[in-house]
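In: sequence and predicted structure below; questions after.
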Amino acid sequence: MRFLPLALAQAALLSLIACAQQPAQDASLYQDLGEQPGITRIVEGMLLNIAGDRRVVRHFEDIDIVRLRDKLVEQICVEAGGPCIYTGDSMEESHKGQQLTPSDFNALVENLQDAMDQQGIAVTAQNRLLARLAPMREQVIDR
Amino acid sequence: MRYPQLIAVALFSLLAGLASAGQGRLLATGGASSLEGAAGGGITPWAVLAGYGERGEWGADVFATRVETADYRLDVAGLAASFDNRVEFSYARQRFDLGNLARNLSLPENSLSQDVFGVKVRLFGDLIYDQLPQVSLGIQHKRQKDFLIPSLVGAKRSEDTEGYLSASRLILGGAFGYNLLLNGGVRYSRANELGLLGFGGDRRDTRSVLKEGSVAVLFDRDWVVGVEYREKPDNLSFAGESDWADLFVGYFPNKHLAVVLAYARLGEIATLDKQNGAYLSVQGSF
């Protein structure tokens, strides 16, 4: 069995390469968010919360809300490791001219958190999604 | 009008004029109020600024804290205001009740009081979002009000200024999926027991570099559990001065209220050892 160590090393190397080619994470977060139907409920809940939020609702007045919902669902699905493709504009492009402030961004985070609470999403799953979205702040604010 | 009163009046006017106070930061990210008035944990400041103001917004809080140990009691009340998530001004009045020590030794006074004026500036970074952790530089000017006892046990001065550098980072999902708050800092100080026993002493009269830090886990948006540690100098020969530590639970039901309950281990204070006990702090934010 003198080839065993070599075979093991080869297998390890192959799995490493496979990992590197995969998205940043497995699909467990996608499952924890309730997959496509769950993510859709979260996004719709978030948009309803925004509709009642005086701090940020003005930024959503003249947009196609159905398209926004679909793109947000795609985006969260992708970030959660789900089998989706994001077909929307870049974050910089889609927020151009909005002049969103850090406070606006946090208000959106709170609306998302509230929506996830309403859907009974576990705190740990909420945090994992927020950790995926937080780095986008720089592409969203001050555009 | 004397300087402290002037600052207190200015801060109160500031609070009164907080019509534009913002709530732009996320819950609990303004921290609680430390014993010296700066936003932070209980026994250490954090790099975060008081209240919930983000860019272009005001934030402020008022607080009251009581620490009850085997032989002593410390009462603190104060307020802090921040602007632009950039600069924080704070004031705290501490009253240290000597309790058993005063009775046992027939001391001339039964309490020691101190004013602490603080300024903290966020240098760079962000608690949550930036590439870099939030790093703040603070200065505290302390005035001991009852200097007779401190002078008798060897303290060299009744007022002093000290500085601290603090870094804070909230790692989303950093503790098995729960949010993890890490905080570390260094202080350059010669304050004896925060300054309640004066500054500098017969054993050492120069400032020391003192480490402080805390680790906390947020179990949800409202509840946080953590530990804190603060190194202290040892300038007076009449008694040892222990490093401080505590285990705390913080409750942030909304952006206007915070309650912190802790078990504090304060060790030896002015010859009396094993000063462990309860810490309770209530904070209102605007």
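Out: Thanks, I have it.

In: going forward, measure contacts between C-alpha atoms and count neighbours the same way
Out: OK.

In: most remote residue from the middle of chain B, which is it?
Out: B:Ser106 (30.4 Å; C-alpha atoms, centre = their mean).

In: could you report the neighbour count for residue 48?
Out: Since no chain was named, I'll use chain A. Using other C-alpha atoms under 10 Å in any protein chain shown, A:Leu48 is surrounded by 14 other residues.

In: um, chain B though
Out: If we define neighbours as other C-alpha under 10 Å, then B:Val48 has 33 of them.

In: measure it to chain A for me?
Out: Distance, B:Val48 to chain A, using C-alpha to the nearest C-alpha, to the nearest Å: 15 Å.

In: burial of the residue nearest to that residue when sequence neighbours are not counted, as a residue count?
Out: By the measure of C-alpha to C-alpha, 6 or more residues apart in numbering or on different chains, the closest residue to B:Val48 outside its immediate chain neighbours is B:Gly30, 5.9 Å from it. Using other C-alpha under 10 Å, B:Gly30 is surrounded by 27 other residues.

In: and B:Gly30, what are its phi and psi?
Out: Main-chain torsions, B:Gly30, degrees, to the nearest 10: phi -90, psi 0.

In: the stretch 51-200 of chain B: helices as residue ranges?
Out: According to DSSP state H, counting those that start in this stretch, the stretch 51-200 of chain B carries its helices in the segments B:99-105, B:148-152.

In: deepest-packed of these, please.
Out: helix B:148-152 (a mean of 17; mean count of other C-alpha atoms under 10 Å in any protein chain shown).

In: residues in contact with that helix?
Out: With contact meaning C-alpha atoms under 8 Å, 6 or more residues apart in numbering or on different chains, helix B:148-152 is reached by B:107-109, B:157, B:196-198.

In: format these as TSV; extra columns: pLDDT.
Out: As requested, those are exported to TSV (pLDDT from 0 to 100):
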residue	pLDDT
B:Leu107	84
B:Pro108	81
B:Glu109	85
B:Arg157	97
B:Leu196	97
B:Leu197	97
B:Gly198	98
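
In: neighbour-wise, which one of those leads?
Out: The residue in those with the most neighbours, by other C-alpha under 10 Å, is B:Gly198 (32 neighbours).

In: that older thread, hmm, the residue nearest to B:Val48 is touching B:Leu49, no?
Out: Yes. Assessed by C-alpha atoms under 8 Å, B:Gly30 is found in contact with B:Leu49 at 5.8 Å.

In: what touches both of the two?
Out: B:39-40.

In: spatially central residue for chain A, please.
Out: Of all residues in chain A, the one closest to the mean position by C-alpha atoms, centre = their mean is A:Ile76, 3.1 Å from it.

In: residue in the stretch 51-200 of chain B nearest to chain A?
Out: Using C-alpha to the nearest C-alpha, the closest approach of the stretch 51-200 of chain B to chain A is made by B:Gly177 at 4.3 Å.

In: hang on, the earlier thing: separation between the residue nearest to B:Val48 and chain A?
Out: Using C-alpha to the nearest C-alpha, we find B:Gly30 at a distance of 14 Å from chain A.

In: list the contacts of that residue.
Out: Each residue near B:Gly30 by C-alpha under 8 Å, 6+ apart is listed here: B:39-40, B:48-52.

In: and for A:Tyr86?
Out: Counted by C-alpha under 8 Å, 6+ apart, A:Tyr86 has contacts A:71, A:74-75, A:78.

In: which members of the residues you listed are the farthest-apart pair?
Out: A:Lys71 and A:Val78 (10.5 Å; C-alpha to C-alpha).

In: returning to what we had before: which of the contacts of A:Tyr86 lies closest to A:Thr40?
Out: A:Glu74 (9.1 Å).

In: mind checking pLDDT for the residue farthest from the centre of chain B?
Out: Note on B:Ser106: pLDDT of 83.

In: partners of the lengthiest strand in chain B in the sheet?
Out: For chain B, the strand with the greatest residue count under DSSP state E is strand B:159-175. Strand B:159-175 has the following sheet partners, assigned by DSSP bridges: strand B:134-144 (antiparallel), strand B:178-189 (antiparallel).

In: possible to save the ones you listed as JSON lines with mean neighbour count?
Out: Output for the strands paired with strand B:159-175, formatted as JSON lines (neighbours: other C-alpha atoms under 10 Å in any protein chain shown):
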{"stretch": "strand B:134-144", "mean neighbour count": "22"}
{"stretch": "strand B:178-189", "mean neighbour count": "22"}
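
In: need those strands in TSV (columns: mean pLDDT and distance to B:Phe238).
Out: Shown next, in TSV, are the strands paired with strand B:159-175 (pLDDT from 0 to 100; distance: least, C-alpha to C-alpha, whole Å):
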stretch	mean pLDDT	distance to B:Phe238
strand B:134-144	98	19
strand B:178-189	98	19
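
In: to A:Leu33, which of those lies closest?
Out: The nearest among these, by C-alpha to C-alpha, is strand B:178-189 at 16.0 Å.

In: next structured bit after that closest one?
Out: Downstream of strand B:178-189, the next assigned helix or strand under DSSP states H and E is strand B:208-218.

In: what does that following strand rub up against?
Out: Applying C-alpha under 8 Å, 6+ apart, the contact partners of strand B:208-218 are B:41, B:44, B:175, B:178-190, B:224-233.

In: show me what contacts the residue nearest the centre of chain B?
Out: Closest to where the C-alpha atoms of chain B average out (C-alpha atoms, centre = their mean) is B:Ser34, at 2.6 Å. Neighbouring residues of B:Ser34 by C-alpha under 8 Å, 6+ apart: B:40-45.

In: between all of the residues you listed, which two are at the greatest distance?
Out: Across these, the longest distance by C-alpha to C-alpha is 8.2 Å; it joins B:Gly40 and B:Ile43.

In: quick one: which of the two has more around it?
Out: The neighbour comparison of B:Gly40 against B:Ile43 (other C-alpha under 10 Å) goes to B:Gly40, with 25 against 22.

In: the more buried one touches B:Gly31, doesn't it?
Out: Yes. Applying C-alpha under 8 Å as the test, B:Gly40 and B:Gly31 come out as touching, 5.0 Å apart.

In: what touches both of those two?
Out: B:46, B:48-49.
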